[in-house]
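Q: sequence plus the predicted model coming up.
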Amino acid sequence: MNLKKQELVFKEDGQEYTQVIKMLGNGQSEAVCFDGVKRLCRIRGKLRKKDNKAIVILKYNADEARSLKEYGELPEHAKINETDTFGPGDDDEIQFDDIGDDDKDIGDI
């Protein structure tokens, strides 16, 4: 088991933390963002921003998510646990979404 620690990365302007609630397949997931909006997320690919869709930039394991919560980056109601949400071989993760207020069109998803 590889427990190599990496530097904790915080969200930037125009990004939001989100928790994936359902993997939809083909690189897509349904997620609840901590700004209160449920979004369809895409892990990779071309995407122009729209408020109800986002692109996953970075994923965190459960320990990193707990650290973000301790730093006040995640809301107190954020649930972080050790259950397997994503299937065999995947960690529990909190993910960044790249959201923007400027562009409102969505590319091919």
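A: Cool, got the structure.
Q: checking my notes, residue 68 in a strand, right?
A: No - the assignment for residue 68 by DSSP: H, G, I helix; E, B strand; the rest coil gives helix, which leaves it out of any strand.
Q: list the residues that contact it.
A: Applying Cβ atoms under 8 Å, 6 or more residues apart in numbering to residue 68 gives the contacts 8, 10, 17, 60, 74, 94. Where you see a C-beta, it was placed from the backbone N, CA and C, and this is true even at glycine.
Q: looking at the residues you listed, which has the smallest pLDDT value?
A: Of all those, residue 94 carries the smallest pLDDT score, 56.
Q: how much space separates residue 31 from residue 5?
A: Distance of residue 31 to residue 5, given as Cβ to Cβ, to the nearest Å: 25 Å.
Q: the lengthiest strand in the chain - which strands sit beside it in the sheet, and in what orientation?
A: Longest strand in the chain, counting residues (DSSP state E): strand 15-25. Strand 15-25 has the following sheet partners, assigned by DSSP bridges: strand 28-33 (antiparallel), strand 94-98 (antiparallel).
Q: which stretch in these is the model least sure about?
A: strand 94-98 has the lowest average pLDDT among the strands paired with strand 15-25, namely a mean of 58.
Q: quick check: residue 53 touching residue 41?
A: Yes - using Cβ atoms under 8 Å, residue 53 makes contact with residue 41 at a distance of 7.5 Å.
Q: so those two - more neighbours on which side?
A: Counted by other Cβ atoms under 10 Å, residue 53 and residue 41 do not tie: residue 41 has more neighbours, with 25 against 18.
Q: if you count neighbours, what's buried in whichever helix or strand the more buried one is part of?
A: In the assignment (DSSP states H and E), residue 41 maps to strand 38-42. Neighbour counts over strand 38-42 (16 or more other Cβ atoms under 10 Å) mark 39, 41-42 as buried.
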